[in-house]
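> one predicted model, sequence on top.
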Amino acid sequence: MRAVQVTEFGGPEVLTPADLPDPEPGPGQTLIEVDRIGVNFADTHQAENSYLAPTKLPFVPGGEVVGRTSDGKRVVALLNGGGGYAERAVADDAMSFPVPDGVDDLTALSMLVQGATAWVLLRKNAHLEPGESVVVHAAAGGVGSVAVQLAKAWGAGRVIATASSDEKRALALELGADVAVDSRAADMTEVLLDANGRRVDIVLDMVGGATTDQSIAALAPFGRLAFYGMAGREQPKPVGLPNLLGHSTTIAGMWLPHVFRLPGNVFGTALAELFDLVLAGKIRAVPGGEYALSDARKAHEALRSRGTVGKLLLDPAK
């Protein structure tokens, strides 16, 4: 089968097209004929071995696919340990979810990781209450574009989007943000206070560095910052525990695989609710571009440039 393999760690240049044997499903697993592959920021970290879970060489990257099983069922699946950048992939049955009629490939993949991430951030980390203000950094990206819509659907009082261009800010407003500000501002604390008219209740952050530091400084009493990535690849400053007392601040981290350790089917519940919202016309996926499988490195280059919007896909037939 056609695939993309990594034999040495590094940037997009290490993504190499290869012909590999078809994967063999084991007990409790299913072979999927892949129609589309989702591209995530985690894939870029995995390629350079800076992801939370260490990776062994060689490997096929990619943690999510949508396609059909041997009996013709259409599923979207999370892959344990990668293997998604290929024409065929093996998924655990517990990580494969049926795709409802009316949900296309782009939307299925957008909701699987980015949508579920936004759902968990707002429900489990930030515990959004009606009327609260929500800051969504990188609001035109995969998670951000869904988070803006979810926050509005769940009754947020004011959604403040940050993005790096006029086009991205316009998209955030189209998706329901009440105000969109420049993510490149020198003083994000001042920008957020001005945008909300007071301190903010919730911040969803996957940027890191000064953006995180200045967002924490903008939080209201009992405000919450939910941190779920570091796209800027710059560490925030350490936060001293006594400093949290100044505004009764909560700082929460979130890595989506931990959701599967929770009792009950939290992930399945999240995905089902997201699909229901899609079918009801309350949220939608934002296309970020589709690349040939053989051009996977171009998709990574685009993602790392932080110039993309929405969800990026790979087409395994090209």
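Yes, it's here.

> output the contacting helices and strands for the helix or strand bottoming out on mean pLDDT in the chain.
Least confident helix or strand of the chain, by mean pLDDT, DSSP states H and E, is helix 41-47 with a mean of 89. The contact analysis (3 or more Cβ pairs under 8 Å, 6 or more residues apart in numbering; DSSP states H and E) places helix 41-47 against helix 296-304. In short, each C-beta sits where N, CA and C put it, glycine included.

> partners of the helix or strand just after the helix it packs on, with directions?
The helix or strand immediately downstream of helix 296-304 is strand 311-315, counting by DSSP states H and E. Sheet pairing for strand 311-315, assigned by DSSP bridges, gives strand 29-39 (antiparallel), strand 287-292 (parallel).

> rounded mean pLDDT for the helix or strand that the least confident helix or strand of the chain is followed by, please.
Sequence-wise, the next helix or strand downstream of helix 41-47 (DSSP H and E) is strand 64-68. Strand 64-68 shows a mean pLDDT of 98.

> can I get strand 64-68 in CSV, CA atoms only?
Coordinates of each C-alpha in strand 64-68 appear next as CSV, following Å, rounded to 0.1, in the frame of the first residue of the first chain:
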residue,chain,number,x,y,z
GLU,A,64,-7.2,9.7,12.6
VAL,A,65,-8.9,8.4,9.4
VAL,A,66,-12.3,8.1,7.9
GLY,A,67,-13.2,5.3,5.6
ARG,A,68,-15.0,2.0,5.3
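
> what's next to it, contact-wise?
Here strand 64-68 makes contact (Cβ atoms under 8 Å, 6 or more residues apart in numbering) with 32-38, 40, 74-79, 84, 89, 91, 99, 105, 108-109, 112-113.

> for stretch 210-223, which positions count as buried?
Under the neighbour-count criterion of 16 or more other Cβ atoms under 10 Å, stretch 210-223 has 210-212, 214-220, 223 buried.

> how far does it sit from the chain's center?
21 Å (Cα atoms, centre = their mean, to the nearest Å).

> quote the end-to-end distance of that stretch.
The separation between the terminal residues of stretch 210-223, taken as Cα to Cα, to the nearest Å, is 18 Å.

> one more: stretch 147-166?
19 Å.

> do stretch 98-111 as well
The first and final residues of stretch 98-111 sit 12 Å from each other (Cα to Cα).

> show me what the mean pLDDT comes to for that stretch.
Average pLDDT, stretch 98-111: 97.

> so for that stretch, what gets flagged as buried?
So, applying 16+ other Cβ under 10 Å, buried residues of stretch 98-111: 99, 103, 105-111.
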